[in-house]
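[1] Give me a 3D structure for the following:
(one chain, ligands or ions: 1)
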Amino acid sequence: MAGLAPPAWRNTRNLAHRRRSNNEAGPDHRQEKALNIVFLTGAGISSESGLGTFRDEGGLWSQYDLEDVATFEGFSCNPGLVHEFYNLRRANCRNAQPNAAHFALAELEARHDGQLLIVTQNVDDLHQRAGSKNVLQMHGELDKARCINCSSTWPAPDVMTSQGRCPKCWSRGCRPDVVWFGEQVRFLSEIEKEIRRADLFAMIGTSAQVSPASEFMQLARDHGADTVEMNLEPSAVAQTASEVILGPATEVVPEWVSRLL
Ligand SMILES: [Zn+2]
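    Here you go, the predicted structure:
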């Protein structure tokens, strides 16, 4: 919880019941309406917990070809290699700990009167382990296995192999329950519905280069939300944000959250 010093959580202006900016002159009942907040988080929020991505130089991803380990075609050609890669990623994830940015969002959810949803591109479970409850993992979950025959899912063992059997239909065809390149992201209609209802949309640690995530900021803005981006460097959609805060997630996120509480 480094970075979440108690004084920062007190003595700050309570923005949780703030009126939407386009209703500043409107009737006062809006002042009582709690903010509906949607976050989009990406690899940048977990990198300080030691979890790298395919965009990083060095590290686990650099030892594998993306086509081999992150496409269904690659899995079909060499499932053993894909399992080896995801077994390593799963082990890294289980050894990693949530950081101050994950904890700040969990604290905000616990203390916020309105709705709060975290949409994450990450397949790790660090948001949940930090205490966040309302999380949608649009790219799936590293900690789950899925049957390519009947689509049932179950908790992934430490070591998944191509010889593993589905506990429901008993076929040999278990794969990591993650979204590979060329596959549909999860929960898209629900995510877009929540973004259209959002009063505040905040993007953390994602370059937002790939559709549909690259369109979320504009969607939020089109429906009247305030928009914030927190990244090491400006993303591809930074010009659509009302506010851009640059810096490491473990520093900028707790500081920003403290302004809301
Ligand atoms: Zn099955």
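[2] neighbouring contacts of the helix or strand residue 195 falls within?
    Taking DSSP states H and E as the definition, residue 195 sits inside helix 188-197. Outside of helix 188-197, the residues within contact range by C-beta atoms under 8 Å, 6 or more residues apart in numbering are 36, 38, 117, 119, 136, 138, 201, 212, 216, 219-220, 223, 225. Any C-beta I mention is one placed from the backbone N, CA and C, and that applies to glycine too.
[3] Swap in 7 Å and give it another go.
    36, 38, 117, 119, 136, 138, 201, 212, 216, 219, 220, 223 (C-beta atoms under 7 Å, 6 or more residues apart in numbering).
[4] buried subset of the residues you listed?
    36, 38, 117, 119, 136, 138, 201, 216, 219, 220 (16 or more other C-beta atoms under 10 Å).
[5] quick one: the last one and the ion, what's the gap?
    In this structure, residue 220 lies at 38 Å from the ion, with C-beta to the ion, to the nearest Å as the measure.
[6] check contacts around residue 71.
    By C-beta under 7 Å, 6+ apart, the neighbours of residue 71 are 180, 181, 182.
[7] among the residues you listed, who's most crowded?
    With neighbours defined as other C-beta atoms under 10 Å, the most crowded of the contacts of residue 71 is residue 180; it has 18 neighbours.
[8] just the contacts of helix 188-197: which has the poorest pLDDT?
    Of all the contacts of helix 188-197, residue 212 has the smallest pLDDT value, namely 92.
[9] Mind putting the buried ones among the contacts of helix 188-197 into TSV with secondary structure and distance to residue 100?
    TSV is the format used below for these (DSSP: H, G, I helix; E, B strand; the rest coil; distance: C-beta to C-beta, whole Å):
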residue	secondary structure	distance to residue 100
36	coil	24
38	strand	21
117	strand	21
119	strand	20
136	strand	22
138	coil	23
201	strand	22
216	helix	24
219	helix	29
220	helix	25
